[in-house]
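In: This is a predicted model, with the sequence first.
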Amino acid sequence: MQIRDLEAGYDKKPVLHGVSLEMSPGEIVALLGPNGAGKSTLLKAIFGLVKATRGTITFRGREIQDRNPSDNVGDGLSYVLQGSRVFTELSVRENLEVGGHMLPPNEVKARIEEVLLLFPDLRPLQRRNAATLSTGEKQMLAMARALMLKPTLLLADEPSLGLGPRLAHAALTHLRDLNQRSGTGILLVEQNVREALAVAQRVYVLRLGRIVLADKPENLGPEVLRQAFLG
């Protein structure tokens, strides 16, 4: 994926100002930055939930900045929204079935089995109502549902939000394992900087709607990151 000179915002109020970044197929890229930097807005613009007012987003050789989310899902994009969002009135299995709604009916069951291999803790919970799950279990379910269509690129918006240190580590480890086992590329927005640096191959820092730093995690010491976050 390549993003060039992207501008986007809400109700004519710009949030992103000339953002450019790129990621290779199968790569984990972390997008870091202070609150209000525009990280979630960038994911929404990629997915089609926020319209770009300028610039291009190229995915799998095609410009997608003017496409709607359903077209992007069909082309291999998936999005895990911030806050462990699941259908609480449905069971765990029904949530997974909804995630596979674009698959032929005879393929849904097999795909659920594949996803449960990635998230084995969900297997005994399949008949449970999603409203009864813990925060960590809901996060796993949200990621599992997003993977039902075998996305090429997963957009993950703060998967550790609301989790304690142990579960936050587990959530980011799940993403790394997913990447290694399936080759799914991941663009990760994350406030837990240390955990994000541990799983990413490349890092961008966004501040006030602009990319202010792009580097490999091993080159980003505390002082470098502090300067990038605070300016």
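Out: Perfect, thanks for sending it.

In: Select the longest helix from this structure.
Out: Secondary structure of the chain per DSSP state H: the longest helix is helix 165-182.

In: Show me what that helix is packed up against.
Out: Contact analysis of helix 165-182 by 3 or more CB pairs under 8 Å, 6 or more residues apart in numbering; DSSP states H and E lists strand 28-32, helix 105-118, helix 135-146, strand 153-157, strand 185-189, helix 193-199 as its packing neighbours. To be clear about C-beta, it is placed using only N, CA and C from the backbone, and glycine gets the same treatment.

In: From the centroid of this protein, which residue is nearest?
Out: By CA atoms, centre = their mean, the mean C-alpha position of the chain lies nearest to Ala156, the distance being 1.5 Å.

In: Identify the residues contacting that residue.
Out: 80, 143, 175, 186-190 (CB atoms under 8 Å, 6 or more residues apart in numbering).

In: From Ile112, how far out is it?
Out: 20 Å (CB to CB, to the nearest Å).

In: Tell me which helix or strand in this protein has the weakest average pLDDT.
Out: The weakest-scoring helix or strand in the chain, judged by mean pLDDT, DSSP states H and E, is helix 165-182 (a mean of 85).

In: Give me the residue ranges of the chain where confidence is low.
Out: Within the chain, the segments meeting pLDDT under 70 span 83-84.

In: And the residue nearest to the centre of the chain, how close does it get to Ala214?
Out: 19 Å.

In: do the same with Pro124
Out: 42 Å.

In: and those two? which has more neighbours close in?
Out: Set side by side, Pro124 and Ala214 show more neighbours around Ala214, with 14 against 10, by other CB atoms under 10 Å.

In: Looking at strand pairing, list the partners for the nearest residue to that one once chain neighbours are set aside.
Out: Spatial nearest neighbour of Ala214, chain neighbours left out: Tyr204 (5.0 Å); criterion: CB to CB, 6 or more residues apart in numbering. Tyr204 has these beta-bridge partners by DSSP bridges: Leu31, Ala214.

In: pretty sure Tyr204 is touching Leu213, no?
Out: Yes: judged on CB atoms under 8 Å, Tyr204 makes contact with Leu213 at a distance of 7.0 Å.
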